[in-house]
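Student: Pasted the sequence and its predicted model underneath.
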Amino acid sequence: MKVRRVFLLALVVVLGAAIFAQAGVEIPKKFENPKKVRIALVREVGEGSFFERYLAGAQSMADELGITLLEATAHGDMARMITMIENFITQRVDAIIIDHGRPDPLVPKIMEALDRGIKVVTFDLVVNDDRVPEIEQDDLLIGYMISKQLAVDFAGKANVIYVNVGGFAPLDKRDKMWQIVKWRFPSIKEVAKIGAVTGSTAADTQTRMEAAMKEHPEANAVLAMWDEFAKGAVRAIMQAGKSSQFRVYSVDITNEDIQMMIQENSPWVATVGTDPYSVGRLAVRAAAALVAGEKVPKYLLVEPQLVTREFLLKNNITSMDELVKALPALGESPLVWPDWMKALVEKNKK
């Protein structure tokens, strides 16, 4: 009898837990057949290891949720990007993630999508509408962290070749903090500014860096506000045999960046960024949450981390996966993870 009572008690506990779970975590009706949920991802740029890893993260999150992700890349062509958004509006997708781009031509299309009931999320694109959550890597903080690191490493005295361009929201935000750091440390001199976003940004930056080094032999530091800029600068420095003269500071971190940072005699000493894989996953979750009727915060700022060459070498890190293990703060973002979404992921594993 005692065994029977124990069995019945255990059964009640299990059934009670199951009932509680079902009552407490209800998957939205829209996601009862998640494959019918279509989320479009429209990207201004897809080239480079950062954007490749970002797309891989977005696809992995879509696969775990069981939804359909439709991706289109404009390769820097703004007219093409507008056409892609128009096509997805015509297809009546459930949500559109807009990755980068410029506000003036894109905002009218975003408003059109919203008017038609299509949810919109942006990554590194400013949209002054509370209905549109904005994802970013906290670019003001990124700009401050990497600029400060350069200033501290050089004890407030350096001759810097600055690699950046205007007209892109994340680059503009990072630039504002560089201007503040230069004000704080007046002996940090910007001796040259170079940079252009092209179809082959790293290669073009390398050419510009070669010219800048000849014009400014006193330069001893590089601040590159995007890793594609940094890759070009590092290659120019190493090919010129000037690794001992320069230290390179950058933004973003990828497998390719890690390999360049850890190679022998690399001048690339520090970078600040997030894991683009995690950012891509967050973008899909934010869009899915909107489709489900969830209220999503206007600003989704992914916390950046400082990664130094010294840290990579000390921990024998050769890839992003190894880096995330050694630096867990770079891992999965805790932003936008409603319980029903976790339940849906678990359900799809079965």
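Tutor: Alright, I've got the coordinates.

Student: Which positions are bridged to residue 120 in the beta structure?
Tutor: With DSSP bridges as the criterion, residue 120 is bridged to residue 96.

Student: going forward, begin numbering at 24 instead of 1
Tutor: Shifting the count to begin at 24 puts that one at residue 143.

Student: Tell me if I'm right that residue 352 and residue 328 touch.
Tutor: Yes: here residue 352 lies in contact with residue 328, judged by CB atoms under 8 Å, at a distance of 5.3 Å. No exception for glycine: its C-beta is placed from N, CA and C like everyone else's.

Student: what about the two, which has more around it?
Tutor: residue 328 (18 against 10; other CB atoms under 10 Å).

Student: Touching, that one and residue 347? I think so.
Tutor: No: between residue 328 and residue 347 there is no contact under CB under 8 Å: 10.1 Å.

Student: Residues that sit against both of the two, list them.
Tutor: Among the neighbours of residue 328, those also in contact with residue 347 (CB atoms under 8 Å, 6 or more residues apart in numbering) are residue 353.

Student: what stretches of the chain score poorly on pLDDT?
Tutor: When residues are selected by pLDDT under 70, those of the chain lie in 24-47.

Student: which residues in it form helices?
Tutor: Remark: helices assigned in the chain by DSSP state H are 25-47, 72-88, 101-113, 126-138, 162-176, 192-207, 224-238, 250-262, 278-285, 299-314, 332-337, 343-349, 362-372.

Student: Quick one: closest of these to residue 293.
Tutor: Residue 293 lies closest, by CB to CB, to one member of the helices of the chain: helix 162-176, at 5.3 Å.

Student: who touches that closest one?
Tutor: 147, 181, 183, 192-193, 196-201, 203-205, 207-208, 211, 244, 246, 248, 270, 272-274, 292-296, 324, 326-327, 329.

Student: quick one, it and helix 192-207 angle?
Tutor: Counting by axes from the mean of the first three to the mean of the last three CA atoms, to 10 degrees, helix 162-176 lies at 40 degrees to helix 192-207.

Student: Now find how far off-centre helix 162-176 is within its chain.
Tutor: 18 Å (CA atoms, centre = their mean, to the nearest Å).

Student: ok, and for that helix, which residues are buried?
Tutor: Neighbour-count burial for helix 162-176 flags 162-174 (criterion: 16 or more other CB atoms under 10 Å).

Student: Just send the residues you listed back as JSON lines, with distance to residue 118 too.
Tutor: Listed next are the buried residues of helix 162-176 as JSON lines, based on distance: CB to CB, whole Å:
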{"residue": "162", "distance to residue 118": "24"}
{"residue": "163", "distance to residue 118": "27"}
{"residue": "164", "distance to residue 118": "27"}
{"residue": "165", "distance to residue 118": "27"}
{"residue": "166", "distance to residue 118": "30"}
{"residue": "167", "distance to residue 118": "32"}
{"residue": "168", "distance to residue 118": "32"}
{"residue": "169", "distance to residue 118": "33"}
{"residue": "170", "distance to residue 118": "35"}
{"residue": "171", "distance to residue 118": "37"}
{"residue": "172", "distance to residue 118": "37"}
{"residue": "173", "distance to residue 118": "39"}
{"residue": "174", "distance to residue 118": "42"}
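
Student: Which pair of those spans the longest distance?
Tutor: Across the buried residues of helix 162-176 (CB to CB), the longest gap, 18.3 Å, separates 162 and 174.

Student: Next one: the residue nearest to the spatial centre of the chain from residue 348, what distance?
Tutor: Central residue of the chain (CA atoms, centre = their mean): residue 299, 4.1 Å from the mean position. Noted for residue 299: a distance of 17 Å to residue 348, by CB to CB, to the nearest Å.

Student: Let's have the helices of the chain in a markdown table, adding distance to residue 218.
Tutor: As requested, the helices of the chain are arranged in a markdown table below (distance: least, CB to CB, whole Å):
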| stretch | distance to residue 218 |
| --- | --- |
| helix 25-47 | 52 |
| helix 72-88 | 16 |
| helix 101-113 | 19 |
| helix 126-138 | 21 |
| helix 162-176 | 15 |
| helix 192-207 | 9 |
| helix 224-238 | 7 |
| helix 250-262 | 6 |
| helix 278-285 | 17 |
| helix 299-314 | 21 |
| helix 332-337 | 22 |
| helix 343-349 | 25 |
| helix 362-372 | 39 |
